[in-house]
Every structure is written in structure tokens, then in C-alpha cells.
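Enquirer: fold the stuff below for me.
(one chain, ligands or ions: 1)
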Amino acid sequence: MELVMARNKKDDVISWLRDAHAMEAATVRNLEQLIGRAEDYPSLKAQLQKHLQVSRRQVTDVEAQLKTLGADTSMLKDLAMRFTGWIEPFLGALAPDEMPKHCLAAHGWENFEIASYRSLLGAAEELGMQDLKGLCERAIREEQEMATYLFDNLPDITRQYLRGK
Ligand SMILES: [Fe+2]
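Expert: Predicted coordinates:
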């Protein structure tokens, strides 16, 4: 009974890590698109580029955790398409230069990432997984930095958007 429980818990963590991998893959795709639209916003563009590097590393960190747990990582590329990301819903309805709306979506997405790692942190603590705990703590700090940048700069980004019209 004990062993079955333990395996079920590990399966949960593996499933949540696969979700985190798909989330980060979506983050990378969205950041790449948004950076391409941020020519008129140099400070924002620099921050997005910085977070793109961070997010690419997070993808490999999550992958390494999955491998440590002995999870099959061959399907990760397909699963990564599960999150279509935060840009797509906006593309149809909005002009491509509606940077304030893209940043609203990005802020929401970053908070979703923070919540995901906060949940995984609880799992890591409960199951005594020190490496995963460290990954979560670092990722939470990194997502918070991006979310805080967006929070702080949204008024400026919107002012600049209006002035450029
Ligand atoms: Fe991330």
C-alpha cells in the first residue's frame, strides 16, 4: 500500500512538471513573438529578452527534473503545444501594435507561472525533493521579477502607446 501511494505521488509530480514544461515552452514562444513587436519600447524589449533567456533555462531545468524522476521525456515537444499561450487570443481582435493589451496578458501569464511554481513548491516540500524545491524557489523569484517589471511599467507603456498614435 505504501509503495503504491508513493508511486501515485511521484506520478502527480511528473504530471505537474510536464505542465510546467508546456507552460515554459509557451512562454518562450510568446516572448519571441512579443519581442518582435517591441521595437518602439526599448526598455520593455530588453526586459523581455532577459526573461526569454531565463525562460529557456527554466525549460531545461524542468526537463532535467523530469529525467531525474525517470519520466519519459520523449513526448514533451508534443505536449508543449497544449498551452497555446497568451498572445493568440489577442491576435484576432487587436491591432498588432496594441502593446498595453499584450502586457496585460503577459502580466496575467507571469502570475499563472508564479502560482504553478508555488504549488510545485508545496509538493517538493511534502515529498522532501530538495532539487525541485530549489528550482521552484528560483523560478518564483524570476517570474516575480518579470511580473513586477510589467506591473511597474504598464502606465508608462500605455502612455507611450497613446503618444505614438
Ligand atoms: Fe517561466
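
Enquirer: what residues does this structure put near the ion?
Expert: Counting by Cβ under 5 Å from the ion, the chain comes close to the ion at 27, 55, 58, 113. Bear in mind the C-beta positions are built from the backbone N, C-alpha and C, glycine included.

Enquirer: which helices and strands sit right next to the helix or strand in which residue 34 is found?
Expert: Following DSSP states H and E, one finds residue 34 within helix 2-36. Helices and strands touching helix 2-36, by 3 or more Cβ pairs under 8 Å, 6 or more residues apart in numbering; DSSP states H and E, are helix 42-68, helix 76-79, helix 99-126.

Enquirer: re earlier: any of the residues of the chain next to the ion buried? List them.
Expert: Restricting those to buried positions leaves 27, 55, 58, 113, with burial counted as 16 or more other Cβ atoms under 10 Å.

Enquirer: okay, those in a markdown table with pLDDT next?
Expert: Formatted as a markdown table, those follow (pLDDT from 0 to 100):
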| residue | pLDDT |
| --- | --- |
| 27 | 90 |
| 55 | 97 |
| 58 | 98 |
| 113 | 94 |
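
Enquirer: can you redo those residues as TSV with distance to residue 70?
Expert: Output for these, formatted as TSV (distance: Cβ to Cβ, whole Å):
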residue	distance to residue 70
27	26
55	25
58	21
113	25
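
Enquirer: let me know the closest of those to residue 123.
Expert: Of all these, residue 123 sits closest to residue 113, with 15.8 Å by Cβ to Cβ.

Enquirer: and the closest residue to the closest one other than its chain neighbours, what helix or strand is that in?
Expert: Distances taken as Cβ to Cβ, 6 or more residues apart in numbering put residue 143 closest to residue 113, at 4.5 Å, once the chain neighbours are dropped. For residue 143, the host element (DSSP H and E) is helix 130-163.

Enquirer: please point out which parts of that helix sit buried.
Expert: Of the residues in helix 130-163, 132-133, 135-136, 139-140, 142-144, 146-147, 149-150, 153-154, 157, 160-161 count as buried by neighbour count, 16+ other Cβ under 10 Å.
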